[in-house]
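Student: here is a sequence together with a model predicted from it:
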Amino acid sequence: MTLTKAHIAKAIHDRLHFTNDRSAQLVESLLEITKKTLENGEDVLISKFGKFCVKDKRGRRGKNPRTGRDMMLGERRVVTFRCSGRLRDRVNGEG
């Protein structure tokens, strides 16, 4: 099962007894803050969870998968995620 915003809002509602609307607003606010921070090129560090980083990628040669022709891929920014050691241990059943 994939965790969705609705699932997170429901979990907040169940654990903290916020209204459904308030829980959804809380999730949306958190995600908006995260998006704005990443748009500004800043990293987002969530202790004991992980770090979202913005990285600049240089342009490079690539191939069009449909035609097989060579093409240039432009410079771009990508978001990467690096999980914390604690999260990695929990995912692997060690924590």
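Tutor: Alright, I've got the coordinates.
Student: residue ranges with poor pLDDT in this structure?
Tutor: Along the chain, the model assigns pLDDT under 70 to residues 95.
Student: how close does Arg57 sit to Thr37?
Tutor: That one is not Arg; residue 57 is Lys. Taking Cβ to Cβ, to the nearest Å as the measure, Lys57 falls 19 Å from Thr37. Using the backbone N, CA and C atoms, a C-beta is placed for each residue, glycine as well.
Student: what of His17?
Tutor: Distance of His17 to Thr37, computed by Cβ to Cβ: 29 Å.
Student: so these two - more neighbours on which side?
Tutor: In this view His17 and Thr37 are compared by other Cβ atoms under 10 Å, and Thr37 has more residues nearby, 14 against 9.
Student: give the helix, strand or coil label for the more buried one.
Tutor: Here Thr37 takes the helix state, with states given by DSSP: H, G, I helix; E, B strand; the rest coil.
Student: spit out the contact partners of the closest residue to it other than its chain neighbours.
Tutor: Leaving aside its sequence neighbours, Thr37 sits nearest to Val44 (Cβ to Cβ, 6 or more residues apart in numbering; 5.3 Å). Neighbour list for Val44: 34, 37-38, 51-52 [criterion: Cβ atoms under 8 Å, 6 or more residues apart in numbering].
Student: would you confirm that Phe49 contacts Arg82?
Tutor: No: checked against Cβ atoms under 8 Å, the pair Phe49 and Arg82 is beyond contact range at 10.4 Å.
Student: what about the closest residue in space to Glu75 that isn't next to it in sequence, neighbour count?
Tutor: Distances taken as Cβ to Cβ, 6+ apart place Gly59 nearest to Glu75, at 4.9 Å, with adjacent residues excluded. The number of residues packed near Gly59 is 10, by other Cβ under 10 Å.
Student: shouldn't Gly59 be in contact with Leu73?
Tutor: Yes: look at Gly59 against Leu73 with Cβ under 8 Å: they come within range, at 6.1 Å.
Student: need the contact list for the residue nearest to Val91 when sequence neighbours are not counted.
Tutor: Of all residues not flanking Val91 in the chain, Cys83 sits nearest, at 7.5 Å (Cβ to Cβ, 6+ apart). For Cys83, the contacting residues are 49-50, 91, by Cβ under 8 Å, 6+ apart.
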